[in-house]
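Undergrad: Build me a model:
(one chain, ligands or ions: 1)
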Amino acid sequence: MDMDQLKRQAAARALEEVRDGMQLGLGTGSTAKHFVELLGERVRAGLKVIGVPTSEATRADATRCGVPLTTLDEIDHLDITVDGADEIDPELNLIKGGGGALLREKIVAAASDRMIVIADESKWVQTLGRFPLPVEVIPFGLGATRRAIEKAFAQCGVSGQMAVRKAKDGHVFVTDGGHWIVDAQLERIADPPGLAGALSTIPGVVEHGLFIGLASSAVLAGGEGIRVIE
Ligand code: 5RP
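TA: I've put the predicted structure just below:
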């Protein structure tokens with residue numbers, strides 16, 4: 001079975017948790033896109049839900065699939081957010097932001113009663129860090145922000161190359177919020193909550209891709225079938 005089929009299976013399993021009347025956070029990325037497409041099929045068959053997209057790309061997908069949308073200004077909470085991840089550890093700590101939507105993804109996840117992470121098994125790791133950690137930054141004063149990030153890394157016992165993310169056209173990648181992303185190749189993050197706390201104190205850091213204590217469960221699809229970790 002190819003990776004895309006596994007992603008769709010994970011999305012289908014998460015869809016089983018969705019009930020009529022729910023308010024849903026809609027994640028970003030190739031796995032979340034499967035969820036939005038499958039949700040759209042159910043909506044067209046009569047399911048009544050409303051969604052908050054975590055990116056302009058997901059807004060476009062959801063609109064194309066007929067999923068009604070709202071904002072966090074119009075509703076006061078979300079029942080479930082379903083989103084992908086770049087890495088998931090046994091504590092359900094995540095690295096997210098490979099698709100550049102980490103800021104809205106974290107805002108939406110934090111406003112949700114439950115966050116279900118959907119992924120193929122390749123995202124499951126014992127220790128976070130092999131996937132470069134995305135840190136969303138303000139372009140102003142980037143040199144100072146980078147030095148502060150390096151200091152935070154040193155305090156937390158990690159180090160590695162940092163690079164400003166580029167888009168496919170070679171220009172700097174700009175997030176939906178108008179910020180830049182620095183990707184840090186750390187290899188092994190021994191203390192994800194500690195690093196998350198240290199990065200959060202830096203003024204030029206808008207948000208980082210460590211999602212700590214946000215995921216309630218992970219649905220992992222692999223060759224052997226589906227595993228749900230809670
Ligand atoms: C986007 C994300 C994605 O959820 C993450 O990159 C996983 O994407 P995919 O499902 O395409 O592997 O965090 O910001």
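
Undergrad: give the contact list for the residue nearest in space to the middle of the chain.
TA: The centre of the chain sits closest to Lys96, judged by C-alpha atoms, centre = their mean, with a distance of 4.1 Å. Shown in contact with Lys96 (C-beta atoms under 8 Å, 6 or more residues apart in numbering): 83-86, 102, 105-106, 134, 209, 211. Any C-beta I mention is one placed from the backbone N, CA and C, and that applies to glycine too.

Undergrad: Report the strands that pair with the longest strand belonging to the chain, each with its relative direction.
TA: Assignment by DSSP state E gives strand 112-120 as the longest strand of the chain. When pairing is defined by DSSP bridges, strand 112-120 lines up against strand 78-83 (parallel), strand 217-222 (parallel).

Undergrad: Can you name the next helix or strand after it?
TA: Sequence order places strand 133-137 as the next helix or strand after strand 112-120, per DSSP states H and E.

Undergrad: Next, see if that next one gets close to the ligand.
TA: No: Strand 133-137 is not in contact with the ligand by C-beta under 6 Å from any ligand atom; minimum separation 7.6 Å.

Undergrad: who in the chain is up against the ligand?
TA: 27-32, 83-86, 96-102, 105.

Undergrad: ok, 8 Å please
TA: Contact residues, the chain versus the ligand (C-beta under 8 Å from any ligand atom): 7, 27-33, 54-55, 83-86, 96-102, 105, 118-120, 123, 134, 209.

Undergrad: buried subset of those?
TA: Buried residues within the residues of the chain next to the ligand, counting neighbours by 16 or more other C-beta atoms under 10 Å: 7, 27-29, 31-33, 54-55, 83-86, 96-102, 105, 118-120, 123, 134, 209.

Undergrad: List the contacts of Thr28.
TA: Residues near Thr28 by C-beta under 8 Å, 6+ apart: 53-55, 57-58, 83-84, 99, 101, 104-105.

Undergrad: picking that back up, tell me which entries of the residues of the chain next to the ligand lie within strands.
TA: Members of these lying in strands (criterion: DSSP E): 83, 118-120, 134.

Undergrad: of all the residues you listed, which comes closest to the ligand?
TA: Relative to the ligand, the closest of those is Asp83; by C-beta to the nearest ligand atom it sits at 5.4 Å.

Undergrad: Quick check: that closest one touching Ala109?
TA: Yes: if you go by C-beta atoms under 8 Å, Asp83 and Ala109 touch, sitting 6.8 Å apart.

Undergrad: Now list whatever residues contact both of the two.
TA: Any residue near both Asp83 and Ala109 by C-beta under 8 Å, 6+ apart counts here, and that gives 25, 115.

Undergrad: can you give me phi and psi for Gly129?
TA: Backbone torsions for Gly129, taken as degrees, to the nearest 10, come to phi 130, psi -20.

Undergrad: for the helix or strand where Leu195 lies, the distance to its chain's centre please.
TA: According to DSSP H and E, Leu195 maps onto helix 192-200. On the basis of C-alpha atoms, centre = their mean, to the nearest Å, helix 192-200 sits 17 Å off its chain's mean C-alpha point.

Undergrad: and that helix, average pLDDT?
TA: When pLDDT is averaged along helix 192-200, the result is 98.

Undergrad: that older thread, now the contacts of Lys96 in CSV, with distance to Thr145?
TA: Formatted as CSV, these follow (distance: C-beta to C-beta, whole Å):
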residue, distance to Thr145
Asp83, 26
Gly84, 27
Ala85, 25
Asp86, 22
Leu102, 16
Glu105, 21
Lys106, 18
Pro134, 14
Gly209, 15
Phe211, 21
